[in-house]
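S.K.: just need the structure, nothing else, for what follows:
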Amino acid sequence: MLHFYFKKKFRLLTTMNFNFVFEKSIKLEISEMIILGRLNSLTYSRLGLSITKKNIRYAHDRNRLKRLIRESFRLSQHKIIRMDFIIIAKKNIMRLNRALLREKLEKLWLNYYQ
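M.R.: Model prediction:
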């Protein structure tokens, strides 16, 4: 059985990392979220999240959303081309149930499969 981990090195953590993606990125947008991606020079993909209090009011909802997005990325990261991604959540993302959110994320990752 394969195990896929989501270690710290797979996350965009610094402002410099985020700015790298914001400068020149490929943008995919659906009604619930925006995903920005940019090729990196590493041997793996990384993920950054932008989930604001303005869009998602309660911390427990923001945290749940982050967990679901990270889990989706973790399971797909071995198939994705080496890119840095930023996911920006919109207000209406909370209307999605867990299964529908997973399905939409899976479709988004398909655009970046090798």
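S.K.: surely residue 53 is within a helix?
M.R.: No. Assignment of residue 53 by DSSP: H, G, I helix; E, B strand; the rest coil gives coil, placing it outside any helix.
S.K.: mind checking how far the residue nearest to residue 83 when sequence neighbours are not counted is from residue 24?
M.R.: In this structure, residue 83 finds its nearest non-sequential neighbour in residue 37, 4.6 Å apart by Cβ to Cβ, 6 or more residues apart in numbering. In short, each C-beta sits where N, CA and C put it, glycine included. From residue 37 across to residue 24, the span is 10 Å (Cβ to Cβ, to the nearest Å).
S.K.: buried residues of stretch 18-37, list them for me.
M.R.: 18, 20, 21, 25, 28, 32, 33, 35, 36, 37 (16 or more other Cβ atoms under 10 Å).
S.K.: residues contacting the fourth one?
M.R.: Contacts for residue 25 (Cβ atoms under 8 Å, 6 or more residues apart in numbering) come out as 36, 37, 38, 86.
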